[in-house]
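J.: only geometry, no sequence info:
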């Protein structure tokens, strides 16, 4: 074919090289024949029809090319494979989990600050003691931890689970992150590492804390994704037993004069 239709055929043949090789081997000849027939029909109907045909192909070709690459392309197949897909979703979820937890914790802390101050005043007026003020001041931290865990569990559920398992992910995230903040709180406040360690060692301690956070996120994901009920039950028991265990732990430290710290449950 000569003239404008021949030029269009040569351009189309060149553009077909953009398709994946496997797809091109199987369908290139048929696609060329179809394009040749449509170009010939449009050419016989006049120049305006040929121009409309060419503009229509300019719109359809990129869409079809993208669709084929999404279905047949090696790179996209690799991204759809289970290990890579889980890795990408895991990177996204873990990357968003930390900001979500920080925002949730900060929101609860700032939003509840005036409420906590009023509760402390009311507590002193009613009981005329100051022992329970520390416990009241701990409540925003506890609720902030639960809210952060709720956000993390919801994020993991959206990225990894179907609707039937959303509740398991949310429960594991809420309780697991509550325990995480409890562990970090004990490490950060029960022991005044900043007093004993230098700047470099404090950096190491902060890195270790981040590693601990990542380990808890991994634990939450493993428990939520698994089918066994025992790990989730242990997580629930740990979350409910933590306040009592922390109370006994800090109380023993004070009884044996091992440590003095403002972080405590001994107000009870």
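T.: Sure thing, it's come through. As the structure is a prediction and not an experimental result, all values here were calculated from the model.
J.: for residue 56, list the residues it contacts.
T.: Residue 56 makes no contacts at all, as judged by CB atoms under 8 Å, 6 or more residues apart in numbering. Every C-beta, even on glycine, is put in place using the N, C-alpha and C of the backbone.
J.: all the helices of the stretch 1-150 of the chain, in order from the start?
T.: Under the criterion DSSP state H, counting those that start in this stretch, the stretch 1-150 of the chain contains helices at 3-15, 21-44, 47-72, 74-80, 82-127, 133-160.
J.: worst mean pLDDT among these?
T.: Mean pLDDT across the helices of the stretch 1-150 of the chain is lowest at helix 74-80; the value there is a mean of 53.
J.: state the mean pLDDT of the strand or helix carrying residue 245.
T.: Here residue 245, judged by DSSP states H and E, is contained in helix 230-255. Summarised as a single mean, pLDDT over helix 230-255 is 74.
J.: what's the angle between the host helix or strand of residue 211 and helix 133-160?
T.: Element membership for residue 211, per DSSP H and E: helix 199-225. Angle between the axes of helix 199-225 and helix 133-160 is 60 degrees (criterion: axes from the mean of the first three to the mean of the last three CA atoms, to 10 degrees).
J.: name the helices or strands packed onto helix 199-225?
T.: helix 82-127, helix 133-160, helix 166-185, helix 193-196, helix 230-255 (3 or more CB pairs under 8 Å, 6 or more residues apart in numbering; DSSP states H and E).
J.: at 7 Å instead, please
T.: Here helix 199-225 touches helix 133-160, helix 166-185, helix 193-196, helix 230-255, going by 3 or more CB pairs under 7 Å, 6 or more residues apart in numbering; DSSP states H and E.
J.: and it with helix 166-185, angle?
T.: 160 degrees.
J.: what residues sit buried inside helix 199-225?
T.: When neighbours are counted by 16 or more other CB atoms under 10 Å, the buried residues of helix 199-225 are found to be 213, 216, 217, 219, 220, 221, 223, 224.
J.: domains of this protein?
T.: For the chain, automatic domain parsing gives the domain ranges 3-79, 83-255.
J.: residue 227 in helix, strand or coil?
T.: coil (DSSP: H, G, I helix; E, B strand; the rest coil).
J.: so how far is residue 164 from it?
T.: Look at residue 227 and residue 164: by CB to CB, to the nearest Å, they are 12 Å apart.
J.: what's the answer for residue 236, then?
T.: The gap separating residue 236 from residue 164 is 20 Å, by CB to CB.
J.: so the two - more neighbours on which side?
T.: residue 236 (13 against 7; other CB atoms under 10 Å).
J.: and the pLDDT at the residue nearest to that one when sequence neighbours are not counted?
T.: Leaving out its chain neighbours, the residue that sits closest to residue 236 by CB to CB, 6 or more residues apart in numbering is residue 175, at 6.0 Å. The model reports residue 175 with a pLDDT of 84.
J.: doesn't residue 234 make contact with residue 175?
T.: No - using CB atoms under 7 Å, residue 175 is not in contact with residue 234; the gap is 10.0 Å.
J.: neighbour-wise, which of those two wins?
T.: residue 175 (24 against 11).
J.: residues contacting that one?
T.: By CB atoms under 7 Å, 6 or more residues apart in numbering, the contact list for residue 175 reads 149, 235, 236, 239.
J.: what does residue 54 give?
T.: residue 8.
J.: cutoff 6 Å now
T.: Counting by CB atoms under 6 Å, 6 or more residues apart in numbering, residue 54 touches no other residue.
J.: how close does it sit to residue 47?
T.: 10 Å.
J.: what sits against the nearest residue to residue 231 once chain neighbours are set aside?
T.: Using CB to CB, 6+ apart and skipping residues adjacent in sequence, the residue nearest residue 231 is residue 223, 4.5 Å away. By CB under 6 Å, 6+ apart, the residues touching residue 223 are 172, 231, 232, 235.
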